[in-house]
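Participant: would you be able to build a 3D model of this:
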Amino acid sequence: MTANARSVSAPKPRPKDVREAHFLRMPRFAARLYDWFLSMKPTETQTREVARDLAARIGQGRLLDIGTGPGRLLAELHRLNPRLELFGLDISPAMIAVAKRNLKGIPVDLRQGRAEQTDFAADFFDLVTCTGSLYLWDYPEQGLEEISRILKPGCSAYLFEVYKDVDREAFRTALRNNLRELDMFRRLVGPFALRKALGIAARTEEYVAMVKNTSFAENFMVDKVELGSIPMWLRITVTKCG
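Facilitator: Numbers count the residues shown, from 1 in each chain. As a prediction, this is how the structure comes out:
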């Protein structure tokens, strides 16, 4: 899908449903629980696939992971390419604490903050990414504008996001296949988390509308991709004009 996709009004945050506030107050045990969820084989596979995708696009330079959570993507990127200068940003102090533990011994700059208002210099990063984060931002368009500000001219951001309008039958089939290797408890927790994500995610056309309301309006692509063999992901590529 390219920038000629049908445009609709992008969803706006509601005062009583500001999602970022929940992550700002996240307790440490919840951050550790999320870290455990990412250590499950299907989600671990997704992380490795995203890391391989990104590592193929950048040989050296500065890379920022927005919504880095417990830092597992950064750890995998370092394993694939130790030359990269890695940065992680997350709104949750609890997540940053877990990330620091997981990334001990790895040179990485971890910061607590919001996507729409970072303290990075303009034209600083060679690549920006996030995974399953954009649909949780209270102000996604402002966040995208901030990405445009901190990206170097001619460089791109790759945003991997779940989307609501998936092929439900294909999703259920792939999910069943993924769950076969897990124990009973993980078989219950995994589908619950994925279905919850789908329930609050945006539709493909809504993501397109978000991007069209930003500086990336003329230079973006949206592709449907499978991560961990599950067809529930979009790769949104936005490029800053040179």
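
Participant: any idea which helix or strand in this protein has the lowest mean pLDDT?
Facilitator: Using mean pLDDT, DSSP states H and E, helix 184-200 stands out as the lowest-scoring helix or strand of the chain, at a mean of 65.

Participant: and the next helix or strand past the helix or strand in which Tyr158 is found?
Facilitator: Counting by DSSP states H and E, the element that carries Tyr158 is strand 151-162. Next along the chain after strand 151-162, taking DSSP H and E as the criterion, comes helix 168-179.

Participant: so where do the strands sit in the chain?
Facilitator: If DSSP state E is used as the criterion, the strands of the chain fall at 62-66, 85-90, 108-112, 125-131, 151-162, 220-227, 230-239.

Participant: of those, which is nearest Thr214?
Facilitator: For Thr214, the closest of the strands of the chain is strand 230-239, at 7.8 Å, according to C-beta to C-beta. For glycine as for every other residue, the C-beta is placed from the backbone atoms N, C-alpha and C.

Participant: residues contacting that closest one, please?
Facilitator: Contacts to strand 230-239, defined as C-beta atoms under 8 Å, 6 or more residues apart in numbering, come from residues 42, 46, 53, 134, 144, 147-148, 154-163, 166-167, 170-171, 174-175, 178, 194, 198, 204, 207, 211, 214, 216, 219-227.

Participant: quick one: contacts for Thr131?
Facilitator: Contacts of Thr131 were listed using C-beta under 8 Å, 6+ apart, and they are 46-47, 50, 65, 67, 73, 159-161.

Participant: ok, now Cys241?
Facilitator: Per C-beta under 8 Å, 6+ apart, neighbours of Cys241: 153-154, 218-219.

Participant: now it: how far from Thr118?
Facilitator: Going from Cys241 to Thr118 by C-beta to C-beta, to the nearest Å gives 20 Å.

Participant: same question, Ala157
Facilitator: Taking C-beta to C-beta as the measure, Ala157 falls 13 Å from Thr118.

Participant: the two: who's more crowded?
Facilitator: Using other C-beta atoms under 10 Å, the more surrounded residue of Ala157 and Thr118 is Ala157, with 23 against 20.
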